[in-house]
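Asker: Okay, predicted coordinates and the sequence, questions at the end:
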Amino acid sequence: MTKFVAALYKAYEATDSSMFEINPVLKTSDDKIIAVDAKVTIDDNALYRHKDIEAMRDESEENPVDAAW
């Protein structure tokens with residue numbers, strides 16, 4: 001689990017995220033740790049540093065009220 005959490009934190013920092021939510025986490029019978037479901041929120045103000053992430057943005061999935069600022 002320590003290795004999993006360390007990798008999670010590294011990904012959080014590397015992507016300028018504002019949230020990483022993993023729920024649930026599963027331990028397999030061979031002692032592997034797996035994130036069964038995840039939600040990640042990337043800081044919009046940091047997208048200029050992450051063109052690969054920005055390219056995945058689907059504005060049709062966003063609430064127009066939130067996106068209009």
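Answerer: Done, it's in.

Asker: so where do the helices sit in this protein?
Answerer: Secondary structure of the chain, counting by DSSP state H: helices at 2-14, 51-54, 64-67.

Asker: Same list (these) but as TSV, adding mean neighbour count.
Answerer: Yep, even glycine has a C-beta here, placed from its N, CA and C like the rest. Listed next are the helices of the chain as TSV, based on neighbours: other Cβ atoms under 10 Å:
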stretch	mean neighbour count
helix 2-14	11
helix 51-54	11
helix 64-67	8
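
Asker: Would you mind pulling the contact partners of the helix or strand of the chain with the lowest mean pLDDT?
Answerer: Confidence across the helices and strands of the chain bottoms out at helix 64-67, with a mean of 76, counting by mean pLDDT, DSSP states H and E. By Cβ atoms under 8 Å, 6 or more residues apart in numbering, the residues outside helix 64-67 that reach it are Glu59.

Asker: one more time with 10 Å, if that's ok
Answerer: Contact with helix 64-67 is made by 44, 59, 61, as judged by Cβ atoms under 10 Å, 6 or more residues apart in numbering.

Asker: and the last one, how many neighbours does it have?
Answerer: Per other Cβ atoms under 10 Å, the neighbour tally for Glu61 reads 7.

Asker: Please report the distance of it from Thr41.
Answerer: Glu61 sits 13 Å away from Thr41, taking Cβ to Cβ, to the nearest Å as the criterion.

Asker: and if you look at the second one?
Answerer: Taking Cβ to Cβ as the measure, Glu59 falls 16 Å from Thr41.

Asker: neighbour count winner among these two?
Answerer: Applying other Cβ under 10 Å to Glu59 and Thr41 shows that Thr41 carries more neighbours, namely 11 against 7.

Asker: does the more buried one have beta-bridge partners, and which?
Answerer: For Thr41, the residues forming beta bridges with it (DSSP bridges) are Met19.

Asker: hang on, it packs against Met19?
Answerer: Yes: taking contacts as Cβ atoms under 10 Å, Thr41 lies within contact range of Met19: 4.1 Å.

Asker: Test for you: state the pLDDT assigned to the most centrally placed residue in the chain.
Answerer: The centroid of the chain falls nearest to Val40 when counting by Cα atoms, centre = their mean (2.7 Å). Reported pLDDT at Val40 in the predicted model: 91.
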